[in-house]
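> okay, predicted coordinates and the sequence, questions at the end:
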Amino acid sequence: MRKKLFLLIFLIIFVTAAILSLLVGRFSYSFVKTVLRENREEKLYRIEKQLDHYQSILHSIEKNMDIDGSAALYNLVRSYPTYESIRSLSPGEMRRKADSLKVGEIYFINSAGVVFNSSLPADKGLNLLSLSNAFTKYIKSIYGKGEVVSQGISVSTREGKINHYMYYSPKGSDIIYEVSFDVPDFVNRRYNFALYEFLFGDMFRNFYNEYLYSIDIYSISKSTGWSLINSGKKMDITPDLAKRIIREDNVVVESGDRIFVYKKMKMNRYFFNRTTNVYFELIYDVSALNKYTGQILLYSIISVIIITIAAFIITAGRLNSLFLRRIANIIDGLKMIRYGDYNTVIIDVAKDELSDIAASINRMTETIKLRSAELNMSNEELRELTLYVNDIIESMPSIIITLDENEKIIQWNREAEKYTGYSSGEAVGRNLWEFIPSLEKYKVKCDEVRRERVTIEILKEVFVKEDCGSEESFVKNIFIFPFSKKDITGVIIRIDDITELEKNEERLNRASRVEALGTMAGGLAHDFNNIISGIIGTASYLSMIVKDNKADAAGIIDHLDIIKQSGGKAAELVKNLLSVSKNEEASFSRISLEQIVRDVTAIVRSSIPDNIELKFCNNAGESFVLGNRTQLEQVVLNLIVNSSEALKKGGASNPVISVLIEKADSALKKFSSFKGNVLHLSVADNGPGIDRSILGNIFDPFFTTKSEGSGLGLAVVHNIIIRHEGHIEVHSEPGSGTVFDIYLPEFIES
């Protein structure tokens, strides 16, 4: 501790001194930067003034070049007025002609914008109309105009030469005559060497000092730059830096002991006023300043070392005498507390921060004693609560199996032991799919729950359990949901036995079917009485004519046919009745919804009063559902019987029951669980309707408004539709009838 404290003090002193040293160095560096910035601003101001003078001189020179150039162009037109006279010229002849006219080069341009002869062979064949859209427009405007046009002073992008170009096309002509001047050469010939040296030598010689190394002016285009005052001097920059200078206008680049400053300059209308970007370049040599800054930093570092050593020696001695012994006493007391001796008291009689720390530790020790007792009590309560929760899980009537991320069993409750015959000790730690192979078919679902962190329900799974050579079937609901605990990410499988619930539901369905059949049987009895009466009457008549010996063979056969037809009708009624009343296994298959409605309406027609009209309309065409025929027949039967009984109570003067099948694509939006096409089956009547106060209870089991009813019919209908993954609604207004709307997913074979 003592060593670390001394080291910390040393570091604090050292860092403080180092920061002061850095501040001194920073100040020196800032001072250097300030000197350079002020120097740069002053130089730039003087350069801009010098450049104004430079451009004014060039403007006067350009006027003289325009006079000489115009005379040269007129001379060329007089000397070579036709294509033939121009084509016959050799490069040597044109060179001599250019020298005699005191111009740099001469060019002849045809109607297609192509240089077809020139004193500069390298430019022969050059198409001026392919250089740029603006230049093409400029050249085309010259043809046949009869005026001398000056392009002005510009810098060649290929060689960096400073040139002045002039053009002339006689009135009505399709030939352009062109001359160019080498501007530095023109100045040297026409004026004097002193002016040439000023303009194209180094006109900024008097601007240099001990820091400013070089001054130049460049015309930058794309990735290349050429000097405007040193003809043919190429700018030494990379393409990326050229783009940056054009983009930012003002750029400062540091490289070693050199600082490069670039600033865009504004040219007046006399010179370089085309699409050129013109920039100053100032190069500073800061090696002397850097050396000065380095010396300051060296002296600062030496000072830091001396100050650090002296301050450390003084501070360490004083600290040891005032604090370290008392700190050691506090540390000894803390060690006793760490080992569990909460009766330890640290004594420090001084009145300062260390004594406050000792008092705080003593108060903390008392608090720890109280918290420790409370924690022990909480741990005991938590242990009891854990046992209580575990007892609840063990006592649940559901099978609870918990798997870790490796699909190994970490929980196996008592119901799981009871169902499988394996104890928790045998199951925990085993791979579930290897331990109970019959559950392996749910492995994919478990992986999905673990991966997606969702809950999956698998309803009404049938399990077959073998016991002493016999098999017993169970119906179970399976729920798989995610489980997380610390670093474990697993799943919990809950299996509920609903075998008895399914049996009770089947009994409920049977009871409802018996009630519906009882209602229907009353109507069938009337038809049977009519059929039996016909059979008995015909048989009595046959008996009478046989006894009186009045029978003839043809008459007997006719009456026997009547008996046969009546018996056939009776057999058909019995067959239809059996098809509705038979108790089949609830297996699902592809079923025609239209055929179900037609079969039910055929047998129920005779059981409803004659004054009730039964209508059926199929607007869906040939359509199928995946379902159980018997259950869906029961749905249609119960709804038609309900409508019939409602119409018996009154309502419309012309009672009607309407059954409709149609496509219901809009249901896809209404019921988001449906996937694909939806069939809509509705049963409507124009009876007295249902009161709103009881409309919400009509699907409840044993709810009925009839004194003799069981209240099971509509509850069974609702359960059957849910079992078929459908949806049922009822709409009714007192005095306006009732409509039952059923929506079922259409089955389309792939």
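The structure has been received and is ready for your questions. Residues are numbered from 1 along each chain as shown.
> kindly format the C-alpha coordinates of the helix or strand containing residue 447 as CSV.
Here residue 447, judged by DSSP states H and E, is contained in helix 443-452. The C-alpha coordinates for helix 443-452 follow below in CSV (Å, rounded to 0.1, in the frame of the first residue of the first chain):
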residue,chain,number,x,y,z
LYS,A,443,-37.6,-31.7,-31.4
VAL,A,444,-38.1,-29.3,-34.3
LYS,A,445,-40.7,-27.3,-32.4
CYS,A,446,-38.4,-27.1,-29.4
ASP,A,447,-35.6,-25.8,-31.6
GLU,A,448,-38.0,-23.2,-33.1
VAL,A,449,-39.0,-22.0,-29.6
ARG,A,450,-35.4,-21.8,-28.4
ARG,A,451,-34.4,-19.9,-31.5
GLU,A,452,-37.4,-17.5,-32.0
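> reduced to three states, what does the spatially closest residue to residue 196 that is not a sequence neighbour come out as?
Leaving aside its sequence neighbours, residue 196 sits nearest to residue 188 (CB to CB, 6 or more residues apart in numbering; 4.4 Å). From N, CA and C alone the C-beta is placed, and that goes for glycine too. Secondary structure state of residue 188, per DSSP: H, G, I helix; E, B strand; the rest coil, is helix.
> for residue 194, see how far away residue 188 is.
Between residue 188 and residue 194 the distance is 10 Å, computed by CB to CB, to the nearest Å.
> more neighbours, these two?
More crowded of residue 188 and residue 194, by other CB atoms under 10 Å: residue 188, with 16 against 9.
> my read: the more buried one touches residue 197, true?
No: at 9.3 Å, residue 188 and residue 197 do not qualify as touching, with contact defined as CB atoms under 8 Å.
> joint contacts of residue 188 and residue 194?
Common neighbours of residue 188 and residue 194, using CB atoms under 8 Å, 6 or more residues apart in numbering, do not exist here.
> can you map out the helices along the stretch 401-550 of the chain?
Applying DSSP state H, counting those that start in this stretch to the stretch 401-550 of the chain gives helices spanning 414-420, 424-427, 432-435, 443-452, 499-547.
> residue 43 contacts residue 213, correct?
No: applying CB under 8 Å as the test, residue 43 and residue 213 come out as separate, 11.7 Å apart.
> between these two, who's got more neighbours?
The neighbour comparison of residue 43 against residue 213 (other CB under 10 Å) goes to residue 43, with 21 against 17.
> so the more buried one, which of the three states?
At residue 43 the chain is in helix, as set by three-state DSSP.
> also residue 263?
Here residue 263 takes the strand state, with states given by three-state DSSP.
> count of residues packed around it?
Neighbour count for residue 263, taken as other CB under 10 Å: 17.
> residues in contact with it?
Counted by CB under 8 Å, 6+ apart, residue 263 has contacts 44, 249-250, 279-280, 282.
> most widely separated two among the residues you listed?
249 and 282 (14.6 Å; CB to CB).
> show me which of the two is the more surrounded one.
Neighbours per residue, other CB under 10 Å: of residue 249 and residue 282, the larger number sits with residue 282, 23 against 12.
> in a strand, the more buried one, correct?
Yes: assessed with three-state DSSP, residue 282 lies in a strand.
> please report the distance of it from residue 43.
6 Å.
> can you list residues touching both of these two?
212, 215.
> the helix holding residue 447: how far from the chain's middle?
Relative to the mean C-alpha coordinate of its chain, helix 443-452 is positioned 24 Å out (CA atoms, centre = their mean, to the nearest Å).
> enumerate the positions of that helix that are buried.
Residues of helix 443-452 classed as buried under the neighbour-count rule (16 or more other CB atoms under 10 Å) are 445-446, 449-450.
> pLDDT for the residues you listed - can I get that in CSV?
Shown next, in CSV, are these (pLDDT from 0 to 100):
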residue, pLDDT
445, 88
446, 91
449, 89
450, 88
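> now these in a markdown table, with distance to residue 146?
Output for these, formatted as a markdown table (distance: CB to CB, whole Å):
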| residue | distance to residue 146 |
| --- | --- |
| 445 | 94 |
| 446 | 95 |
| 449 | 92 |
| 450 | 91 |
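> show me which of those residues is closest to residue 464.
Closest to residue 464, out of all of these and judged by CB to CB, is residue 445, at 20.0 Å.
> pretty sure that closest one contacts residue 458?
Yes: contact criterion CB under 8 Å: residue 445 and residue 458 qualify, at 7.0 Å.
> overlap in contacts of those two?
Residues touching both residue 445 and residue 458 by CB under 8 Å, 6+ apart: residue 480.
> and the gap between the residue nearest to residue 196 and residue 179?
Counting by CB to CB, the gap from residue 188 to residue 179 is 18 Å.
> next one: residue 459
99 Å.
> of those two, which one has the most company?
With neighbours defined as other CB under 10 Å, residue 459 and residue 179 compare such that residue 179 has more, 28 against 12.
> Three-state assignment for that one, please.
strand.
> per-residue confidence for it?
Residue 179 is assigned a pLDDT of 94 by the prediction.
> can you tell me how far it sits from residue 354?
Residue 179 is 98 Å from residue 354, by CB to CB.
> now do residue 111
104 Å.
> so where do the strands sit in the stretch 301-450 of the chain?
399-403, 409-412 (DSSP state E, counting those that start in this stretch).
> so which bits of the first one are buried?
This means strand 399-403. Neighbour count says strand 399-403 has 399-403 buried, by 16+ other CB under 10 Å.
> from the contact counts, what lies against that strand?
In terms of contact count using 3 or more CB pairs under 8 Å, 6 or more residues apart in numbering; DSSP states H and E, strand 399-403 is assigned the packing partners strand 409-412, helix 414-420, strand 488-497.
> okay, these, which one's buried deepest?
strand 409-412 (a mean of 21; mean count of other CB atoms under 10 Å).
> state the mean pLDDT of it.
90.
> that strand pairs with which strands?
Strand 409-412 has these partner strands in its sheet, going by DSSP bridges: strand 399-403 (antiparallel).
> give me the mean pLDDT for the partner strand.
Mean predicted lDDT for strand 399-403 stands at 90.
> same question for stretch 365-378.
The pLDDT scores in stretch 365-378 average 82.
> now do the buried residues in stretch 594-601.
Here stretch 594-601 shows 594, 596-597, 599-601 as buried, counting by 16+ other CB under 10 Å.
> may I see the buried residues of the helix or strand residue 298 falls within?
Assigned by DSSP H and E, residue 298 belongs to helix 287-319. For helix 287-319, a neighbour-count test (16+ other CB under 10 Å) marks 289, 293, 296-297, 300, 304, 307-308, 311-312, 316 as buried.
> try stretch 46-53
47, 50-51.
> closest to residue 350 among those residues?
The nearest member of these to residue 350, counting by CB to CB, is residue 47 at 72.8 Å.
> mind checking what helix or strand follows the helix or strand harbouring the closest one in sequence?
Assessed by DSSP H and E, residue 47 sits inside helix 2-79. Moving toward the C-terminus from helix 2-79, the next helix or strand (DSSP H and E) is helix 83-87.
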